[in-house]
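*Asks:* need coordinates for the below:
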Amino acid sequence: MGVQADMPTRERRASPQEEATSVKRFKPTPVVGPGDENSLKIRFSRYNAAPGRSQTKNSTLPQEGSNVTPSPPQTPQPRSPRPTRVTRGRAAGSQDSYDESSPVKQDQIKSIESSSVKSCEVRMSPLDSLKHESEFETDIKPHPSPRIKFEMSASEIVNECERVGPGLGPISTSILEEGEPTPMPKRRHELPKLSSDQLLPPTPCVHVKSKQDAFSPQLLDWCLQRPITVIRGLAQACEMDLSLYTTKTLVETHPNHPVEIRTQLEQSSDENWAPSLEEQVWYCTSSRSHATVSKYAEYLATSFKEAKERLGDQFSVNPKLDLSQTPETGLPDRRTIKFGTNCDLSDEKKWRPQIQELMKLPCWLRVVSAGNMLSHIGHQILGMNTIQLYMKVPCSRTPGHQENNNFAAVNMNIGPGDSEWFGVPNQYWGALQELCEKNNVDYLHGSWWPKMSDLREAGIPCYRFMQRPGELVWVNTGCVHWVQASGWCNNVAWNTGPLTYRQYKASIERYEWNKSQRYQSIVAMVFLTWNMAQNIQVSDAELYQAMKTTMMRSLQQSVLLKQYALENNIPIRFHGHGPNEPVNYCMVCEEEVFNVFFVKENEKKHVVHCLRCARQLNKDLASWICLEEYDIEHLKNIFDSFTLGDSSVQPTLENPLKLAMVNNNIKCESQSI
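*Replies:* Below you'll find the model as predicted:
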């Protein structure tokens, strides 16, 4: 979750009348009268009220023209302090906004204490002449942006940025095209209406019968054109040994390997009870703990044995759930279960057989391949470009979510039981976010389980299907999904980034939207783009242009940030970025900081800040230094060397995405800048 910086609350100025011992309040009432069209006469009447509060029903107000003597003013009761929160500016007309510069003619307000009603003239300024609050704080004229064109070389971009300079205002961190706003999700009313049959569409399913079918470009094309796909027979066609991923094998090889445990409520996939069991909600309750593979295996064995004894002849690896109620209360009777999740299989020394077995899959489904964007990030992102394993008892569930930065995902069921899947196409994620808001759960940070009836009522389509042992589920770019185990089963999963324009664009858009939500992007898209530009040459013109735009904006930001440091006498030191070193993020806003960032000079351990957050802590950045990770000539060389590849390249089994060139060093991991 994003870290929010504490900002001081704005104090309300007290008027001279409020500071007096006996406080008089005046209620303005419009009065029609002749005069200048830009002026308004108002009538003041006195009444008793605490500042900022409306009258209660029992308050006695003196009516205009009446002789009722107002009651003595009451001392305002102290208000509980509001929690400090970050705001991006007040909307016009909000309660906290007021104009301190209204030109009231004080000489027209005389002897207010001696009269219950007086008039004054207020000159009304046109709204378009008023300044925004931020303009009062910094009366800075907008600084021109560098005129960057797509055809420019790196040197021309650098020269143009140095000519214009950074100015005194903020330097944009957006990597979208100049002036392009942050993409916003479409609400349900902006999408076409669907029939009842379209709300529960048939799940795309492919049956692979041979290795030739598995490696055919047609299978890739099919999967890229659909939100979610079940591929049956793939493990058998690729002659994979799925026993490497069973609980028995894990216990025999590494019994003390850690596994995360989620304690959840046992319930059917059509229900989601609140902890009180009195109502069904969207919020998905679970608590986290940790154990070892061997300890969780003992729990699995006990669960399996108890179910056999309880169900007798009706036992199966996908048992029927007992949905009983408590006789005394009539409430559902549900037990708690434990779900073994996020078991990390990234260590090549410990899990080499498991990692190597997945290399039998088609290259676009592998954890590591040249055509997988995530193989070019240069370091491990656990669960994304590494394998994670899940050990499940019946009813273990993974709540609703989209993959990090909208990357695609691969999930294989090891068995012996089934898993039930739900999937909503990417274009409806904004509508799903609306439902989350209505049900008081946070789409990005929260844990939620949608009710199918709510989805149907809102007109949101949802795929629903079973994943059986040996079947692979391909989750395409941006597909929202949630999963529940129908039986005892293990699953292995990872992410992949097919080198397509659609995948890259979706990841960049989510990267920018995450910034607006103060949500960290696990995949640093700027760093990734520079690495891809160094490692591969793409033949898709749209993908090439999108990557080039990101690099242009990034280069522009690096030059302007460095120029800002030079103009403000902030020391600049070369820091460097080692191979396999993680990406830097601002420790306040959690945005990626590429190449240039700021730290306090005297800190023993440097805490990374972007320029915006550093200036919020210290406006003149005294005792701060600027660190630079890459030599500008190195970046210029990568930028100029990245050119569009030959579009006539034909797809092959090992190069289905038609990469025009792959550096020789890309085998198991990419070269990092």
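
*Asks:* ramachandran angles for Thr292?
*Replies:* Torsion angles at Thr292 (phi, psi; degrees, to the nearest 10) stand at phi -110, psi 170.

*Asks:* surely it meets His254?
*Replies:* No: here Thr292 does not reach His254: they are 9.0 Å apart, not a contact under Cβ atoms under 8 Å. Backbone N, C-alpha and C define where each C-beta goes, glycine included.

*Asks:* neighbours around Ala297, how many?
*Replies:* Residues within reach of Ala297, counting by other Cβ atoms under 10 Å, total 19.

*Asks:* ok, now the one 4 residues further on?
*Replies:* Residues lying near Ala301 (other Cβ under 10 Å) number 13.

*Asks:* over to the one 4 residues further on?
*Replies:* The burial metric for Lys305, expressed as a neighbour count using other Cβ under 10 Å, is 10.

*Asks:* longest helix in this protein, by residue count?
*Replies:* helix 541-567 (DSSP state H).

*Asks:* quick one: mean pLDDT for that helix?
*Replies:* Mean pLDDT, computed over helix 541-567, is 97.

*Asks:* OK, contacts around Leu244?
*Replies:* Pro353, Gln354, Glu357 (Cβ atoms under 8 Å, 6 or more residues apart in numbering).

*Asks:* what of Ala565?
*Replies:* Shown in contact with Ala565 (Cβ under 8 Å, 6+ apart): Pro571, Ile572, Val596, Phe598, Cys626.

*Asks:* give me that answer again for 7 Å
*Replies:* Going by Cβ atoms under 7 Å, 6 or more residues apart in numbering, Ala565 touches Ile572, Cys626.

*Asks:* same question for the one 3 residues further on.
*Replies:* Contacts for Asn568 were tallied using Cβ under 7 Å, 6+ apart; they are Leu621.

*Asks:* how about it, phi and psi?
*Replies:* Backbone geometry at Asn568, expressed as degrees, to the nearest 10, gives phi -110, psi 20.

*Asks:* hmm, back to that, which one of the contacts of Leu244 has the most neighbours?
*Replies:* Most surrounded of the contacts of Leu244: other Cβ under 10 Å gives Glu357, at 21 neighbours.

*Asks:* that residue in helix, strand or coil?
*Replies:* With DSSP: H, G, I helix; E, B strand; the rest coil as the basis, Glu357 sits in helix.

*Asks:* that one is in contact with Asp241, isn't it?
*Replies:* Yes: in this structure, Glu357 is within contact of Asp241 by Cβ atoms under 7 Å, at 6.0 Å.

*Asks:* related to what we said a few turns ago, right, and the helix or strand after the longest helix of the chain?
*Replies:* Counting by DSSP states H and E, the next helix or strand C-terminal to helix 541-567 is strand 572-574.

*Asks:* can you report how many residues lie near Gly371?
*Replies:* By the criterion of other Cβ under 10 Å, Gly371 has 23 neighbours.

*Asks:* what's the local residue count around His634?
*Replies:* Neighbours of His634 (other Cβ under 10 Å): 13.

*Asks:* just checking, what packs against the helix or strand containing Ile261?
*Replies:* Under the criterion of DSSP H and E, Ile261 resides in strand 258-265. Contact partners of strand 258-265 among helices and strands, from 3 or more Cβ pairs under 7 Å, 6 or more residues apart in numbering; DSSP states H and E: strand 287-292, helix 293-311, strand 336-344.

*Asks:* where's Gly179 relative to Thr529, distance?
*Replies:* Look at Gly179 and Thr529: by Cβ to Cβ, to the nearest Å, they are 20 Å apart.

*Asks:* name the SS class of the spatially most central residue of the chain, please.
*Replies:* Closest to where the C-alpha atoms of the chain average out (Cα atoms, centre = their mean) is Asn514, at 4.2 Å. When classified by three-state DSSP, Asn514 comes out as helix.

*Asks:* for the closest residue to it other than its chain neighbours, phi and psi?
*Replies:* Leaving out its chain neighbours, the residue that sits closest to Asn514 by Cβ to Cβ, 6 or more residues apart in numbering is Ser521, at 4.8 Å. Dihedral pair for Ser521: phi -80, psi 110, per degrees, to the nearest 10.
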